[in-house]
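**Q** below: sequence and its predicted model.
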Amino acid sequence: MAAHMDVVHQFIDATATTPLAVQLPLLLLFIVPLILLLHLHVASRNRKHQKKPLPPSPPALPVIGHLLLVGDLPHVSLRDLAAKHDHGGGLMLLRLGAVQNLIVSSPHAAQAVLRTHDHVFASRPASTLVDRLVYGSSSVGFAPYGEHWRQVRKLVTTHLLSVRKVNIFHIARQEEVRLVIAKLRETTAVGAEVDISEIVNAFANDIVCRAVCGKFFRAEGRNKLFRELNHITTVLIAGFNVEEYFPGLSKFLGVFTRFTSNKANQTHKRWDRLLEEIISDHERRRSSEHGHGAGGEFEQEETRVRYHKRSYQGHLDDFFQDMFEAGTATSTLVLEFAMVELMRNPRLMAKLQAEVRNMTPKGQEMVKEENLPSMIYLRAVVKETLRLHPPAPLLVPHKSMADCDIGGYTIPSGTRVIINTWAICRDPKSWENADEFMPERFMNDGSAVDIDLKGNDFQFIPFGAGRRMCPGINFGLATINIMLANLMYCFDWTLPAGMVDDDIDMTEVFGLTVHRKEKLILVPKTT
Ligand code: HEM
């Protein structure tokens, strides 16, 4: 240290006495390396903090951005756009009106969003329409990430959708399936055609109604009213809502949005009335149950669930409504598409029927839940249906809560995130003969035998993954498995006279979920 100070002193002494011509080179000798070092240090710090580029994007029009590129079937057009513009990274930015949307189209990119950076992307974009129509930001499915969402999600998961609760509801499921089978048997007596789409929709609706409202849900046609309100809600949410794409202009857009807003307000009031009635009914029945004692295990459990719901009164309506929207259309669609694919592939239907009939004890009137675990082909058929026809092909939009770097790009805070699970589930890089219905791929010797749908295998995420993953997965699969098994066990199926397999129209209509345009009409025959 002393030696070092000596050198500095010598330098100062020298510079004080030597002429400028000698001082300058000496100064340069010291200062230039210092400036260079400083420059290198700043450059490396800048490099570290420098924002990475935004993800690639097709050319956009002024004001409306890429809105015109998203056609009637956004899951298809987004897949095609990504193939051209995302440079193979699975990330593409589209500006829809004033809103930036990150389109995620590969398993790798989905994993980055839903697992590695799940804490950044676990929020939901705000929507004035959803707020007006449903309980929006206070529901489970549309709530922004935060304490409220955590509370309602925990409540739903623990008291309605846990594996234990789903198992307890098996008696109710069995009873509801029995009603459907009895109705279908009546039609077989006269050889009539049945609207399968309608039957499975009523069934899925009634199952959710029963879980949420208890076993008196049919009183005063409530199940039908639920179905109607659910339908209107889904159509409104799925429609094009200009405020969503130009949120800053919502005040000036009143003229364009008045019709939708009025309809949304009316529908909201009807939901309110219905849910209020149900809550008061619960209260009344609960006090009378106190007097008479509770029934079997299922009824006791129903009472306990109601009690817990009551203890969270403030959010009761929120999650009631969520259950209907999230739980009905999804299970309906899987059942309907499974029947469609099996009708188009009679050999596969025969294989499934053989399994279901062999695994059900002789003489049993219908398949019971305890018979299901041995039906591995049934599970493969359901998985393959979910792969080819995920009911929510773009999941539910997520929103980023902070800037985040993924794959060499910066995703700015506040970006809306659309995960194209439909494209991912049909990506030929992950799936052999990706567009073909081949349940065998999920069987023992199949290429996808180890791939599961619980949010760990990112090439197959029909229920999403991470914090916002569907909490109704067990409930939904239980509903689908028992119904499909019984449709296979109790009946043989044919198309209406004059139709052949290829006549089944696969044209899709996009909404919150994607469904076929045509109803599925079939003729059941008892076996
Ligand atoms: C086959 C049936 C079903 C499928 C394919 C399905 C699929 C999905 C998907 C893709 C999401 C969004 C995940 C994300 O944003 O990352 C979701 C969310 C949700 N699902 Fe399901 N679902 C099904 C059945 C059900 C059922 C039966 C219920 C309840 C009875 C339910 C309740 C919910 C709820 C509450 C959410 C919102 C979760 C949140 O935002 O935290 N789902 N579902």
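**A** Everything's here; your move. Every value quoted in this text rests on a predicted model; they were computed, and no experiment measured them. Residues are numbered from 1 along each chain as shown.
**Q** which residue is nearest the middle of this structure?
**A** Most central in the chain under CA atoms, centre = their mean is residue 395, positioned 3.4 Å from the mean C-alpha point.
**Q** show the backbone phi and psi for it.
**A** phi 50, psi -150 (degrees, to the nearest 10).
**Q** now for residue 499: which residues touch it?
**A** Residues counted as contacts of residue 499 (CB atoms under 8 Å, 6 or more residues apart in numbering): none. Glycine gets a C-beta too; all of them are placed from N, C-alpha and C.
**Q** any idea which element it lies in?
**A** Per DSSP states H and E, residue 499 falls between elements, in no helix or strand.
**Q** also the one 10 residues further on?
**A** Secondary-structure assignment from DSSP H and E places residue 509 in strand 508-510.
**Q** pLDDT (mean, whole number) over that strand?
**A** Averaging pLDDT along strand 508-510 gives 79.
**Q** name the residues that touch that strand?
**A** Against strand 508-510 from outside (CB under 8 Å, 6+ apart): 72-75, 238, 393, 514-517.
**Q** at 7 Å what do you get?
**A** 72-74, 514-517 (CB atoms under 7 Å, 6 or more residues apart in numbering).
**Q** in terms of secondary structure, what does the next helix or strand after it contact?
**A** Sequence-wise, the next helix or strand downstream of strand 508-510 (DSSP H and E) is strand 514-516. In terms of contacts (3 or more CB pairs under 7 Å, 6 or more residues apart in numbering; DSSP states H and E), strand 514-516 is packed against strand 508-510.
**Q** check the offset of the strand it packs on from the chain's centre.
**A** Between the centre of strand 508-510 and the centre of its chain there are 16 Å (CA atoms, centre = their mean, to the nearest Å).
**Q** for it, which residues meet the burial criterion?
**A** 508, 510 (16 or more other CB atoms under 10 Å).
**Q** residue contacts, residue 393?
**A** Taking CB under 7 Å, 6+ apart, one finds 75, 420-422, 514 in contact with residue 393.
**Q** can you tell me the SS state at it?
**A** Of the three states, residue 393 takes coil under DSSP: H, G, I helix; E, B strand; the rest coil.
**Q** quick check, pLDDT for it.
**A** pLDDT, residue 393: 94.
**Q** just residue 43 next, same as before
**A** Value listed for residue 43 in the pLDDT field: 58.
**Q** what strand or helix carries the residue of the stretch 151-300 of the chain found nearest the ligand?
**A** Per CB to the nearest ligand atom, residue 153 is where the stretch 151-300 of the chain lies closest to the ligand, at 5.1 Å. Counting by DSSP H and E, the element that carries residue 153 is helix 147-156.
**Q** repeat for residue 93
**A** strand 91-96.
**Q** returning to that earlier point: so who does the closest residue in space to the residue of the stretch 151-300 of the chain closest to the ligand that isn't next to it in sequence touch?
**A** Using CB to CB, 6 or more residues apart in numbering and skipping residues adjacent in sequence, the residue nearest residue 153 is residue 140, 5.2 Å away. Contacts for residue 140 were tallied using CB under 7 Å, 6+ apart; they are 149, 152-153, 156, 319, 322.
**Q** so which one of the residues you listed is the model least confident about?
**A** For those, the pLDDT minimum is residue 319, 60.
**Q** contacting residues around the nearest residue to residue 383 once chain neighbours are set aside?
**A** Computed as CB to CB, 6+ apart, the closest residue to residue 383 that is not its neighbour in sequence is residue 442, at 4.9 Å. Residue 442 makes contacts with 380, 383-384, 448-449, as judged by CB under 7 Å, 6+ apart.
**Q** same check on residue 327?
**A** Contacts of residue 327 (CB under 7 Å, 6+ apart): 208, 472, 475-476.
**Q** now narrow those residues to whatever sits close to the ligand.
**A** Filtering these for neighbours of the ligand using CB under 6 Å from any ligand atom leaves 208, 472, 475-476.
**Q** for the residue of the chain found nearest the ligand, phi and psi?
**A** Nearest residue of the chain to the ligand: residue 472, at 2.1 Å (CB to the nearest ligand atom). As for residue 472, its main-chain torsions (degrees, to the nearest 10) stand at phi -100, psi 20.
**Q** wait, isn't it in contact with residue 161?
**A** Yes. Applying CB atoms under 7 Å as the test, residue 472 and residue 161 come out as touching, 5.4 Å apart.
**Q** looking at these two, which is more packed in?
**A** Taking other CB atoms under 10 Å, residue 472 and residue 161 do not tie; residue 472 has more neighbours (25 against 22).
**Q** how about the residue nearest to the centre of the chain, what does it touch?
**A** By CB under 7 Å, 6+ apart, the neighbours of residue 395 are 419, 421, 464.
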